[in-house]
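Enquirer: test case, fold it:
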Amino acid sequence: MKSIHSWRLCNLNTAHTKKSIVQNCYTEDPAPPLIDDRVYLFTGRDNDGSKNYDMREWLIFSSANTVNWQHHGSLKSIGILAWASAKAWAGQVISRNGKYYFYVPVTSHEEVI
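Expert: All right, here's what the predicted structure looks like:
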């Protein structure tokens with residue numbers, strides 16, 4: 001009986017939408033921090049026609065109301081890391097002492113870092 005009630009509680013907290021935030025390219029692993037009353041979305045962008053996850057840049061979007069989103073372009077591309085080969089996965093923005101840091105796992109030519 002407890003598991004049924006737990007499932008119902010979880011189901012009540014699920015939200016669905018028919019409109020994607022990003023509609024013109026494939027994005028993955030969003031990181032949505034709230035900064036100065038705006039929700040920012042930092043996400044990897046997968047290359048068109050890829051048969052696997054081939055993300056080589058991170059995009060930035062923001063919204064004051066989570067309905068209307070503004071695209072701010074590319075944050076950085078994997079090209080800034082000379083030792084990285086691909087897979088700009090699951091970046092996360094962390095705030096510390098008034099500064100923001102962007103942490104990202106990438107694949108080197110040898111292994112996942």
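Enquirer: is the nearest residue to Leu75 once chain neighbours are set aside bridged to anything, and to what?
Expert: Distance criterion CB to CB, 6 or more residues apart in numbering; nearest residue to Leu75, sequence neighbours excluded, is Trp58 at 4.4 Å. Placement of C-beta: from N, CA and C, glycine included. The partner list for Trp58 in beta bridges (DSSP bridges) reads Gly44, Lys76.
Enquirer: now do the helices in this protein.
Expert: Secondary structure of the chain by DSSP state H: the helices cover 2-12.
Enquirer: could you check the pLDDT of the residue nearest to Leu75?
Expert: At Trp58, the pLDDT value in this model is 80.
Enquirer: how much space separates it from Asn65?
Expert: 23 Å (CB to CB, to the nearest Å).
Enquirer: with Ile94 instead?
Expert: Distance of Ile94 to Asn65, given as CB to CB: 25 Å.
Enquirer: the two - which one has more neighbours?
Expert: Ile94 (11 against 8; other CB atoms under 10 Å).
Enquirer: surely that one and Tyr100 touch.
Expert: Yes. Contact criterion CB atoms under 8 Å: Ile94 and Tyr100 qualify, at 7.1 Å.
Enquirer: any low-confidence regions in the protein?
Expert: Residues of the chain that meet the criterion pLDDT under 70 lie in 1-19, 22-28, 47-48, 50, 52-54, 76-82, 85-88, 108-113.
Enquirer: let's see 90
Expert: Residue ranges of the chain with pLDDT under 90: 1-36, 41-61, 66-69, 71-95, 98, 100-113.
Enquirer: strands of that one, residue ranges please.
Expert: Remark: strands assigned in the chain by DSSP state E are 26-31, 34-35, 38-46, 55-63, 70-77, 84-86, 92-96, 99-103, 107-108.
Enquirer: want to throw those strands into a markdown table with distance to Ser20?
Expert: Formatted as a markdown table, those follow (distance: least, CB to CB, whole Å):
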| stretch | distance to Ser20 |
| --- | --- |
| strand 26-31 | 9 |
| strand 34-35 | 20 |
| strand 38-46 | 11 |
| strand 55-63 | 11 |
| strand 70-77 | 13 |
| strand 84-86 | 24 |
| strand 92-96 | 21 |
| strand 99-103 | 23 |
| strand 107-108 | 27 |
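Enquirer: no more questions from me, cheers.
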